[in-house]
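*Asks:* The following comprises the amino acid sequence and a computationally predicted model.
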Amino acid sequence: MVAARLDALGAVGGRGVERGRGLPGKHAGARVADRRHGDRADGGRRQPGHTDQVGVRDGVLYGAVGAVRTRRLEPAMTRGSCLCGAVRFETQATFGPATACHCTQCRKITGSYSIAAPVPADALKIKGAPRWFASSAHARRAFCPDCGSYLFWEEGDGLIWVALGSVDGATGTHLANHIFCAYKGDEYDLTDALPHHVRGWSSPEVTPMPFTIAIDGPAAAGKGTISKAVAAHYGFAHLDTGLLYRAVGAKMLAGVEPIAAAQALLPEDLADASLRTPEVAQAASKVATIPEVRAALVDFQRAFARRQGGAVLDGRDIGTVICPDAEAKLFVTASAEVRAQRRHAEQQGAQSYDEVLADVIARDERDMNRAEAPLKPAADAVLIDTSGLSIEQAVAAAIAAVDARKDNV
Ligand SMILES: Nc1ncnc2c1ncn2[C@@H]1O[C@H](COP(=O)(O)OP(=O)(O)O)[C@@H](O)[C@H]1O
Ligand SMILES: Nc1ccn([C@@H]2O[C@H](COP(=O)(O)OP(=O)(O)O)[C@@H](O)[C@H]2O)c(=O)n1
C-alpha cells in the first residue's frame, strides 16, 4: 500500500544531484572564440535571377530551364532549417558521431533533450539570422528568433553542434553516446546499449544495473552530506530514509497514530521544511522503535534501492536490514561532541550546544538500543570516522571505498 503510494515519488530526496543549477559545459574549460555568426556564411546562396545560367552550384548542376536538379555531384550537401524557415543552413561536411545530451540546459531549450552532431564551424553555411546567446561561461547556443527552434551549440573549438532534428532528410550520422545522464528527466528511460555518461564524455558511465550504496551512522555524522556527493559522483538517485521517520514523527506530534501515519505516508509529507526541527528528530527516533512503523516503510526503501541506474540510501539500518545485499556499505560516524558541534552550527542558535549534545546522545541511545533494526555497522561495512575529516576528505574516502567495491562486483 504505502509502497505503491510512495512509488509515485520517483527520486525522493532528489536525484542525488542538483537540478537546475548552472551546469558545466560539455568541454568545461574551453574558451569561447570571438566569432560572429548570423549571416556570416552565406557564400553558397543561390542568387535570384541566375537560374538561366548553366553551372554547378552547391554540388547541383543547373541547366538553362532553371534550378532543376539534374545530377548530384560529390560531395553531397546536407541542408536544414528551423521550423519556420527563417534560418537555414547547409554543409558539405560530414557530421561527426551524434551525442544525446540530457543536461538541464538542453532539456530546457528543447523541452526534452538534445541530439546533436558536430561539423567544422567554417563548413557550416548559415543563412538568416539565428539569435546566439551565451548559455554558459564558455559556450553559446543559437535559436531562430521567429519560431524559437533550437539550432546550434558551440564553444569555440572550431566545431558547431547542429541539433539534428533541424536537418532535412538523412543526417548520415548516428547516435553514439549519451551525456549528462545524471540530469535526465524521470519521464523517460535510457535503455539502449550506448555509453551513458554521468556528466561529460570523460565522466564515469551510469551503472545500467542496480547498484546500492548503503550509508548508515548516527545523527550528524555526515551521512547526508556524503550521500548527496556520492550520488552526484556516480549519477545515482539518493534517498534520505530519515525523512520517512521524520514525517511519521511529525504526524505523531500532530496527533496521528504513528502506525496509521506510516501506512498512509504520501510523497508530499516528505517535503515539509519543519521535518528538520529538533522536536521532529526526537519524535522520529521514538516512532522508529515501533516495528509496525518500520515494516510499513520497508518495501518502498527496497524498491528504491534496486532501481536501475544505482541508488544511495542513508539511514540507520540500510546495510543491516533494508539492503543486506547492498553492493557497497559505509558506516559513517564521528564523536558525539563533534556531531553536536556540527548540528549546533547548523541550527544557528536554536538550541544551546549542551542541549544539542544531550539530544544527540539521547537519540544515539534510542537508535542503538532498540530491539528492532538497531543502529550498528553491518559486518561488511567500511567504517569512516569523519571526526577529523573535512567534508571533501570524507567524501573522497567514501568514493574510494565505493570504487573498491565497484571494481569487485
Ligand atoms: N566532515 C565534515 N566536516 C565538517 N562538517 C561536516 C562534515 N560532514 C558533515 N558536516 C556538516 O555537519 C552537519 C550534519 O551533516 P549531515 O550530512 O546532515 O549529517 P547526517 O546526515 O549524518 O545527520 C551539516 O551541517 C554538514 O554540513
Ligand atoms: N533508516 C533509518 C533512518 C532514520 N531512522 C530514525 O529517524 C531518526 C531521524 O533520522 P535522520 O537520518 O533524519 O537524522 P539525522 O541523522 O539527520 O539527525 C533517527 O534518529 C532514527 O531514529 C531510523 O530508525 N532508520
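*Replies:* Yep, that arrived. Ligands and ions are numbered 1, 2, ... in the order given.

*Asks:* quick one: the helix or strand K286 falls within near ligand 2?
*Replies:* Using DSSP states H and E, K286 sits within helix 278-287. Yes - Helix 278-287 comes into contact with ligand 2 (CB under 6 Å from any ligand atom), by way of 281, 284-285. Yep, even glycine has a C-beta here, placed from its N, CA and C like the rest.

*Asks:* could you dump these to CSV with distance to S149, neighbour count and pLDDT?
*Replies:* Shown next, in CSV, are the residues of helix 278-287 next to ligand 2 (distance: CB to CB, whole Å; neighbours: other CB atoms under 10 Å; pLDDT from 0 to 100):
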residue, distance to S149, neighbour count, pLDDT
A281, 51, 21, 94
A284, 50, 26, 97
S285, 55, 24, 95
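
*Asks:* Let me see the mean pLDDT of stretch 204-211.
*Replies:* The average pLDDT for stretch 204-211 rounds to 79.

*Asks:* How far off centre is that stretch?
*Replies:* Per CA atoms, centre = their mean, to the nearest Å, the displacement of stretch 204-211 from the mean C-alpha position of its chain is 13 Å.

*Asks:* Residues touching that stretch, excluding its own?
*Replies:* Stretch 204-211 is contacted from outside by 181-182, 190, 195-198, 233-236, 305-311, 327-328, 406, 409, using CB atoms under 8 Å, 6 or more residues apart in numbering.

*Asks:* In ChimeraX, select just the buried ones from those.
*Replies:* In ChimeraX, a selection of the buried entries from the contacts of stretch 204-211 looks like this (16 or more other CB atoms under 10 Å):
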select :181,182,190,196,197,198,233,234,235,236,305,306,307,309,310,311,327,328,406
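
*Asks:* Now intersect the contacts of stretch 204-211 with the strands, please.
*Replies:* 311, 328 (DSSP state E).

*Asks:* out of the contacts of stretch 204-211, which are inside helices?
*Replies:* In helices, defined here by DSSP state H, the members of those are 233-234, 305, 406.

*Asks:* Looking at these, which one is closest to ligand 1?
*Replies:* Distance to ligand 1 across those (CB to the nearest ligand atom) is lowest for H233, with 15.4 Å.

*Asks:* who touches that closest one in this structure?
*Replies:* Counted by CB under 8 Å, 6+ apart, H233 has contacts 198, 204, 395, 399.

*Asks:* Close to ligand 2: what parts of this protein are there?
*Replies:* Taking CB under 6 Å from any ligand atom as the contact definition, the chain meets ligand 2 at 219-220, 224, 241-242, 245-246, 281, 284-285, 288, 315-318, 363, 367.

*Asks:* near ligand 1, from these?
*Replies:* Checking the residues of the chain next to ligand 2 against ligand 1 by CB under 6 Å from any ligand atom, the ones in range are 219-220, 224.

*Asks:* could you dump those residues to a markdown table with pLDDT?
*Replies:* Listed next are these as a markdown table, based on pLDDT from 0 to 100:
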| residue | pLDDT |
| --- | --- |
| A219 | 96 |
| A220 | 97 |
| G224 | 97 |
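
*Asks:* And these, which is closest to A142?
*Replies:* Closest approach between these and A142, by CB to CB: G224, at 40.6 Å.

*Asks:* Could you point out the helix or strand that follows the helix or strand harbouring that closest one?
*Replies:* Element membership of G224, judged by DSSP H and E, is helix 223-234. Next helix or strand after helix 223-234 toward the C-terminus (DSSP H and E): strand 237-240.

*Asks:* domain assignment for this structure?
*Replies:* Domain assignment for the chain by automatic domain parsing gives 75-205, 207-406.

*Asks:* Can you give me the end-to-end span of the longest one?
*Replies:* Spelled out, that is domain 207-406. 10 Å (CA to CA, to the nearest Å).

*Asks:* swap in stretch 327-345?
*Replies:* 34 Å.

*Asks:* and M252, which of the three is it?
*Replies:* Counting by DSSP: H, G, I helix; E, B strand; the rest coil, the backbone at M252 sits in helix.

*Asks:* Now for it, how many residues are close by?
*Replies:* 22 (other CB atoms under 10 Å).

*Asks:* contacting residues for it?
*Replies:* Neighbour list for M252: 258, 261, 283, 286-287 [criterion: CB under 8 Å, 6+ apart].

*Asks:* P118: which of those residues is nearest?
*Replies:* Of all the contacts of M252, A261 has the smallest distance to P118: 54.4 Å, by CB to CB.

*Asks:* surely the closest one meets R246?
*Replies:* No - counting by CB atoms under 8 Å, A261 does not reach R246; the two are 11.4 Å apart.

*Asks:* How about the residue of the stretch 151-300 of the chain found nearest ligand 2, nearest residue that isn't a chain neighbour?
*Replies:* Residue nearest to ligand 2 within the stretch 151-300 of the chain: G242 (2.2 Å; CB to the nearest ligand atom). Distances taken as CB to CB, 6 or more residues apart in numbering put G315 closest to G242, at 5.8 Å, once the chain neighbours are dropped.

*Asks:* For that neighbour, give me phi and psi.
*Replies:* Dihedral pair for G315: phi 180, psi -140, per degrees, to the nearest 10.

*Asks:* For it, give the beta-bridge partners.
*Replies:* Counting by DSSP bridges, G315 forms beta bridges with D216.

*Asks:* Was I right to think it contacts I322?
*Replies:* Yes - in terms of CB under 8 Å, G315 counts as a neighbour of I322; the distance is 7.3 Å.

*Asks:* Now do the shared contacts for those two.
*Replies:* Counting by CB under 8 Å, 6+ apart, the shared contacts of G315 and I322 are 241, 301.

*Asks:* So which of the two has more stuff around it?
*Replies:* Using other CB under 10 Å as the criterion, G315 and I322 rank with G315 on top: 28 against 25.

*Asks:* hang on, D380 packs against K329?
*Replies:* Yes - look at D380 against K329 with CB under 8 Å: they come within range, at 5.9 Å.

*Asks:* Pick out whichever of these two has more residues nearby.
*Replies:* Legend: neighbour count by other CB under 10 Å for D380 and K329, higher for K329 (26 against 11).

*Asks:* now do the same end-to-end measure for stretch 148-157.
*Replies:* The first and final residues of stretch 148-157 sit 25 Å from each other (CA to CA).

*Asks:* Show me which parts of that stretch are buried, residue by residue.
*Replies:* Buried residues in stretch 148-157, counted by 16+ other CB under 10 Å: 149-157.
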